[in-house]
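Peer 1: let me see the structure of the following:
(chains A and B)
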Amino acid sequence: MKYLPLVWAAFRRHTTESLLTFLVLTIAFTLFSSMVALKASYDQAIHATRMDRLLITDRFFTGLSIARRDEITRIPGVQGAAALQWVYGFHQEPSKRVGILMLDQASTAALPELRLTAEHWKQMAMKPTGVFFSRTQAAEWNVKAGDSFVVQSRIPREDGANAWPFEVLGIVDDPSPAVDWAPNIYGNYEYLDAVRTRSQRGTVRFMVAIDDPDKAESICQKIDTSYANSAAPTYCVPLQLDAQSILDAVISMREMSFAIAGAGLFMILFLCANSIAESVRERIPEFAVLKTIGFGDRDVGVLVFLEAALPCIAGAVLGTVIAASLSTYTARLSEDSELPLPPVSISIWIVALALGAALLIGAASAALPLRRLKTINLASALAGR
Amino acid sequence: MLRHVFTVFAIGLSTLAQRRGTSLVIVAGVACVVAVLVSMLSVVVGQTRMYLSGGGDERAIILPKDQDGEFGSGLSVDAIATILNAPGIAKSPDGKPLADAEWIFSLTPPPGFAVRDFLQIRGIGAAGAALRKDFRIESGRMFRSGAQELLIGAGAARRFRVKDGDRILMPGGFWPIVGTFSNGGDRSEGEFFADIDTLRSANQQSGFGSVIVKLASPQAFDEMQRWLTANPALAVDSYRVPDYQLRTNGRRLQFFTRASYAIGLIMALGALFGATKIMYAAVRARTREIGTLRALGFGSTPVTISVLLEATLLALIGAALGVLIAWLLFDGREVYSSGVFRLSVSAPLAALGLAWGAGIALLGGLFPAIRAGRTPAATALREV
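Peer 2: This next block holds a predicted model:
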């Protein structure tokens, strides 16, 4: 605490220049925290996807027979297999894209994260065109029980129409843990199968639940191998690896974010080191006085370190606060991602990282001037030589 | 006047060595900004080059109406026959239109592949190779018509680490890769080619995804487009190939360009304030020198300009360093993002980097330069 007035006095020595330095530090840390947060958001998106859920599609887009469900369920390690299809298209206008996950009751049993109950299924059996919206989806589409919901889809219907009329039966809880591989609007597979073209009937994809995420790849391999010579070979992928490969397939801000954060820090390292070196050089006689009146090397060391580190820490704190308030804009930098990303947010971990970086830069900047101060000749320094 | 500017500038430069540390701050700061900006934009430049290469301006593509890309099979055999009658399509010596109806099939990552990404398999017909003027077989041979064989693009071969002789699980069994092709660095080098009829029958497809035609002349496009649009039997869209490439991929490119400039601007702002700080310190350190010059009769304008020149010189050194870093790290590096292409630190991009650096220096040095110019000789000399 006793050093603070001295640090403040040093700051006020050239106020404009000190303020400019502080401004640069703040900008650099705004960039640093934003970029680290952006990277974290990408990583979180991958991490949130599950390794214990395997998506099985047909390797050549021929469609997999729903009859394979029983075979897949019997594979050791498999807890259950859900047979699914998607009705993709748009609602009202082409820009409002929507998908409906079509499944049956047995499939719900395999995926306990979906909050569909026997009661819901009873309603869907009574009304084949009925769909349930998750809370989030209901809010997004602004629907309530009893509303009709028409999807324009290219999925071929036997009657040749493009419109798929659905009716909202009700709202169900959001899936837990969250499901991002499917739109959380659920419809009855039986209905889809009854109206689509005859050649497509009975073809599905599977979402398989397994008991051990570590066995995901070996189970996938087993499934693919066993169907390799069938008329419709499979392509099995754990959801997490699928998400990873989607992100890997294109250059995105994800690869660049750390490099940019690093470049930002590198930029301020020189500025900080130079500022503190110059400040110490100008005040050699002052430090000589301090030493003369009894300040030890350690005291002077703390003083110089604080002088270097405090603006960095203040810049890191302010920069991170600004980064937090700009996070909606930062999130836009990830708009090229084909994966739904969680919002960019500044976690405690990022604050700690920024503070750690600030301390490191402070220490690195103070190191050289301190070496110089240790070796000053008190007599000539006091004489101003 | 000009002589005065140079004299003051030269005196400033002679003392630069004493201000090594401070000068280095500007050089390093600007280098960081420019290196980041130029590196990010090298993606955009490289990708755009991929879309526009391969002699695309002589070609046009015809797609089913309102379809985003070549995937799908919305063009029937009848529609293709009608399209080939359109005017403006170049003819081969035997009088046949130079056009190729093609179909693309996106193959799930084959088992055992090191890279888990979909393969784009393009079925091309008899005219497919002739239409692509830079098309060359680099090794092996062309696939035989009617045989289940694959030709691999040079970029795809490097990316998926497969070569001639390897076999890939396709509909109907394993298809061997019989050759590798290059195509002037255009997007198709990231694809596989196969015989269109063999590929369609193996996939039980009856339609086509697109028709690629060679234009009789670049101006012939408008005539062809008018004819196609006016024909009531057809529901198609037509584009020049480069326009089509930029249309389907432009959004990502625009996004990346915007993101690069946004980050470049934020960093530039940091470097700008840093430069202002450094130049203020430099002017302060040179108060005596500047006072003396003023007392000797040098005007305030030469002093102001010389300070700006100094800042610009330092920033340009930094910018050149930044361009060099970006060039060393990224130029020519092959990446995969909607195709296979090489990052490119082109001359215009390097110029942009230098201009960016100079801009930072001019804006950042302005206030310190004005202060230097206003330094009254008497006050400055009093510091002696």
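
Peer 1: name the next helix or strand downstream of the longest helix seen in chain A, please.
Peer 2: What stands out as the longest helix in chain A, according to DSSP state H, is helix A:15-48. Counting by DSSP states H and E, the next helix or strand C-terminal to helix A:15-48 is strand A:53-58.

Peer 1: point out where chain B drops to low pLDDT.
Peer 2: B:54-56, B:383-384 (pLDDT under 70).

Peer 1: for residue 73, which non-adjacent residue is closest in space?
Peer 2: Going with chain A. Excluding its sequence neighbours, the residue lying closest to residue A:73 (CB to CB, 6 or more residues apart in numbering or on different chains) is residue A:81, at 5.0 Å. For the C-beta atoms, the positions are set from N, CA and C on the backbone; glycine is no exception.

Peer 1: that's the wrong chain, I wanted chain B
Peer 2: Closest residue in space to residue B:73, ignoring its immediate chain neighbours: residue B:207 at 3.3 Å, by CB to CB, 6+ apart.

Peer 1: do you know how far the one you found is from chain A?
Peer 2: Distance, residue B:207 to chain A, by CB to the nearest CB, to the nearest Å: 13 Å.

Peer 1: what sits against that residue?
Peer 2: Counting by CB atoms under 8 Å, 6 or more residues apart in numbering or on different chains, residue B:207 touches B:72-77, B:103.

Peer 1: same check, this time on residue A:326
Peer 2: Contacts of residue A:326 (CB under 8 Å, 6+ apart): A:30, A:34.

Peer 1: got the confidence number for it?
Peer 2: pLDDT recorded at residue A:326 is 91.

Peer 1: likewise the one 10 residues further on?
Peer 2: Per-residue confidence for residue A:336 comes out at a pLDDT of 71.

Peer 1: now do it against residue B:241, distance only.
Peer 2: 23 Å (CB to CB, to the nearest Å).

Peer 1: for those two, indicate the residue with more neighbours.
Peer 2: Neighbour totals were compared for residue A:336 and residue B:241, and residue B:241 leads with 22 against 19 (other CB atoms under 10 Å in any protein chain shown).

Peer 1: related to what we said a few turns ago, touching, the residue nearest to residue A:73 and residue A:67? I think so.
Peer 2: No. The criterion here is CB atoms under 8 Å, and residue A:81 misses it with residue A:67 at 11.6 Å.

Peer 1: what about those two, which has more around it?
Peer 2: Neighbour tally, residue A:81 and residue A:67, criterion other CB under 10 Å: the higher count belongs to residue A:81, 27 against 10.

Peer 1: which strand residues bridge that one?
Peer 2: Note on residue A:81: beta-bridge partners by DSSP bridges are residue A:208.

Peer 1: so what's it up against?
Peer 2: Each residue near residue A:81 by CB under 8 Å, 6+ apart is listed here: A:69, A:72-73, A:107, A:110, A:206-209.

Peer 1: which of those residues lies closest to residue B:48?
Peer 2: residue A:207 (39.0 Å; CB to CB).

Peer 1: excluding chain neighbours, what is closest to the closest one?
Peer 2: Spatial nearest neighbour of residue A:207, chain neighbours left out: residue A:82 (4.6 Å); criterion: CB to CB, 6+ apart.

Peer 1: what residues are up against the one you found?
Peer 2: So residue A:82 contacts A:103, A:106-108, A:110-111, A:206-209 (CB under 8 Å, 6+ apart).

Peer 1: how near is it to residue A:72?
Peer 2: Distance, residue A:82 to residue A:72, by CB to CB: 10 Å.

Peer 1: got any residues that touch both of those two?
Peer 2: Jointly contacting residue A:82 and residue A:72 under the rule CB under 8 Å, 6+ apart are A:206, A:208.

Peer 1: for the helix or strand hosting residue B:323, buried residues please.
Peer 2: Residue B:323 is located in helix B:300-330, with elements delineated by DSSP H and E. For helix B:300-330, burial by neighbour count (16 or more other CB atoms under 10 Å in any protein chain shown) applies to B:300, B:302-327, B:330.

Peer 1: what's the neighbour count on the nearest residue to residue A:79 once chain neighbours are set aside?
Peer 2: Nearest non-adjacent residue to residue A:79, counting by CB to CB, 6+ apart: residue A:209, 4.4 Å away. Residue A:209 has 19 neighbours, counted by other CB under 10 Å.

Peer 1: show me what contacts residue A:209?
Peer 2: The contact partners of residue A:209, taken as CB under 8 Å, 6+ apart, are A:52-53, A:78-82, A:110-111.

Peer 1: switch to 6 Å and redo it
Peer 2: Residue A:209 is in contact with A:79-80, A:110, counting by CB atoms under 6 Å, 6 or more residues apart in numbering or on different chains.

Peer 1: again with residue A:206
Peer 2: With contacts defined as CB under 6 Å, 6+ apart, residue A:206 is in contact with A:56, A:81, A:83.

Peer 1: mind running it again at 7 Å?
Peer 2: Residue A:206 makes contact with A:56, A:64, A:69, A:72, A:81-83 under the criterion CB atoms under 7 Å, 6 or more residues apart in numbering or on different chains.

Peer 1: nearest to chain B, of the residues you listed?
Peer 2: Using CB to the nearest CB, residue A:56 comes nearest to chain B of the contacts of residue A:206, at 10.7 Å.

Peer 1: residue 4: neighbour count?
Peer 2: Using chain A. Other residues near residue A:4 come to 10 when the count uses other CB under 10 Å.

Peer 1: ah, no, chain B please
Peer 2: 17.

Peer 1: cool, the one 5 residues further on as well?
Peer 2: Using other CB under 10 Å, residue B:9 has 19 other residues around it.

Peer 1: so which elements touch the host helix or strand of it?
Peer 2: For residue B:9, the element it lies in under DSSP H and E is helix B:2-14. On a contact count with 3 or more CB pairs under 7 Å, 6 or more residues apart in numbering or on different chains; DSSP states H and E, helix B:2-14 meets helix B:300-330.

Peer 1: rerun at 10 Å
Peer 2: In this structure, helix B:2-14 packs against helix B:287-295, helix B:300-330, with contacts taken as 3 or more CB pairs under 10 Å, 6 or more residues apart in numbering or on different chains; DSSP states H and E.

Peer 1: is there proximity between the shortest one and chain A?
Peer 2: Spelled out, it's helix B:287-295. No. Using CB under 10 Å from any CB of the partner chain, helix B:287-295 stays clear of chain A, with a minimum separation of 12.7 Å.

Peer 1: give me the contacts around that helix.
Peer 2: Counting contacts by CB atoms under 10 Å, 6 or more residues apart in numbering or on different chains, the residues outside helix B:287-295 that touch it are B:4, B:7-8, B:11-12, B:14-15, B:283-284, B:286, B:298-300, B:302-303, B:306-307, B:371-384.

Peer 1: may I see the ChimeraX selection of the buried members of the contacts of residue A:209?
Peer 2: A single ChimeraX command selects the buried members of the contacts of residue A:209 (16+ other CB under 10 Å):
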select /A:80,110
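
Peer 1: same question for stretch B:265-280: list its buried residues.
Peer 2: By neighbour count on 16+ other CB under 10 Å, the buried set for stretch B:265-280 is B:266-280.
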